[in-house]
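Peer 1: Show me the folded form of this:
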Amino acid sequence: MKDAKEKYLSYYEQESKTWPVLYEDIFIETSYGRTFIRKSGSKELPALVLLAGSMSTSLMWKASVEVLSQEYCVYTIDNIYDVGLSVQDIAMKSTDDLTTWLNEVFIRLQLNNNVNLLGISYGGWVASQFALKYANKLNKLILIAPAATVLPIESKFIIKSLWMLLPFKYFTKRFFYWLLNDMAQKSEISKHELDRYIEEILFYKKCFRNQFLINPSVLSDEELKNFKTQTLFLVGENEKMYSAKDAIKRVVALNPAMEYELVHDVGHDLFFLKQKYIINRVLSFLD
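Peer 2: Okay, the predicted model is just below:
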């Protein structure tokens, strides 16, 4: 495990060298351990915090940070409960643990209120839970294909995700080719990117012990009705976690003030396949 971790740190350092803008490495101590944040953009600009999906790090924002950091001071986090440079010392057992940790990050970074928060997939669910508890700290919230949050995750997704527990490349590849099917079918370039992503996942699994994430929950009708933060909800029409159209129907029925968009010809891979479009949509919403 030690050798694998050293290989990972070497890989991470090489990938960090391709970050397209100047940045500052920040390590802060929280009640749950040390958290790594990469800060890009002027401190004078409004704050934008980005939460990656599971099995991803701050490096997932590499292709979009240049545009975002022109208008925002961007904080990309290696989530403490996942892979990356953050080190978790105390286990997280509840949603309160997650939101308390993120609030401590905000405090240590000396972020004032009116922070913009964006989360994707599992990070989207964490962001929604933070908004429920600390709405006074946020300006706007962006949820990109959030895990659960608006609808329960379908049993088919849960069953197929169990393949990931098997120590064979075949099953991991099979799961991601199903989950990110549009990416697999779109072109040879996107298929190559998908294969590269799968290799990264397999590499992470060798370097880190399995960490069982807190199961993402669904906002109750009351929570969704009374959601205070101005929110943009983006989901691909071919989403596999839940029915994208049913998710939007529920949002419209319970919180018509929430902005939403059904992104066509993509599923859970919407950020990979339509990244430029998504970023422009986010900037438009934040402006």
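Peer 1: Pull the distance from the helix or strand where residue 200 lies to the chain's centre.
Peer 2: Taking DSSP states H and E as the criterion, the element that holds residue 200 is helix 188-207. From the chain centre to the centre of helix 188-207 is a distance of 17 Å (Cα atoms, centre = their mean, to the nearest Å).
Peer 1: Report all helices and strands that that helix contacts.
Peer 2: helix 2-16, helix 169-179, helix 181-186, helix 270-273 (3 or more Cβ pairs under 8 Å, 6 or more residues apart in numbering; DSSP states H and E). C-beta: built from backbone N, CA, C; applies to glycine.
Peer 1: dump the residue contacts of the residue nearest to residue 7 when sequence neighbours are not counted.
Peer 2: Among residues not flanking residue 7 along the chain, residue 207 sits closest, at 6.9 Å (Cβ to Cβ, 6 or more residues apart in numbering). Shown in contact with residue 207 (Cβ atoms under 8 Å, 6 or more residues apart in numbering): 1, 4, 5, 7, 8, 83.
Peer 1: How are the strands of the stretch 1-150 of the chain distributed by residue range?
Peer 2: With DSSP state E, counting those that start in this stretch, the ranges of strands along the stretch 1-150 of the chain come out as 23-30, 33-40, 47-51, 73-78, 87-88, 115-120, 138-144.
Peer 1: Residues touching the third one, excluding its own?
Peer 2: Think strand 47-51. For strand 47-51, contacts defined as Cβ under 8 Å, 6+ apart pick out 58, 61, 68, 72-77, 79, 106, 111-112, 114-120, 123-124, 126-127, 286.
Peer 1: ok, it: who's next to it in the sheet?
Peer 2: Using DSSP bridges, the strands paired with strand 47-51 are strand 73-78 (parallel), strand 115-120 (parallel).
Peer 1: now what about the last one, what contacts it?
Peer 2: Defining contact as Cβ under 8 Å, 6+ apart, one finds that strand 115-120 is touched by 46-53, 72, 106, 125-128, 130-131, 137-146, 271, 282, 286.
Peer 1: buried subset of those?
Peer 2: 47-53, 72, 106, 125-128, 130-131, 137-138, 140-146, 271, 282, 286 (16 or more other Cβ atoms under 10 Å).
Peer 1: In space, not sequence, find me the middle residue of this protein.
Peer 2: residue 52 (2.6 Å; Cα atoms, centre = their mean).
Peer 1: ok so, going back, any chance of TSV for the strands paired with strand 47-51, columns distance to residue 20, mean pLDDT and mean neighbour count?
Peer 2: Shown next, in TSV, are those (distance: least, Cβ to Cβ, whole Å; pLDDT from 0 to 100; neighbours: other Cβ atoms under 10 Å):
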stretch	distance to residue 20	mean pLDDT	mean neighbour count
strand 73-78	12	98	24
strand 115-120	18	98	25
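Peer 1: okay, the ones you listed in JSON lines with distance to residue 34 next?
Peer 2: Formatted as JSON lines, these follow (distance: least, Cβ to Cβ, whole Å):
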{"stretch": "strand 73-78", "distance to residue 34": "10"}
{"stretch": "strand 115-120", "distance to residue 34": "21"}
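Peer 1: just so I know, which of the ones you listed lies nearest residue 99?
Peer 2: strand 115-120 (11.5 Å; Cβ to Cβ).
Peer 1: Need the CA coordinates for the closest one. CSV is fine.
Peer 2: Coordinates of each C-alpha in strand 115-120 appear next as CSV, following Å, rounded to 0.1, in the frame of the first residue of the first chain:
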residue,chain,number,x,y,z
VAL,A,115,-20.3,31.9,-1.7
ASN,A,116,-21.3,30.1,-4.9
LEU,A,117,-21.2,26.3,-4.6
LEU,A,118,-21.2,23.8,-7.4
GLY,A,119,-21.3,20.1,-7.0
ILE,A,120,-21.4,17.2,-9.5
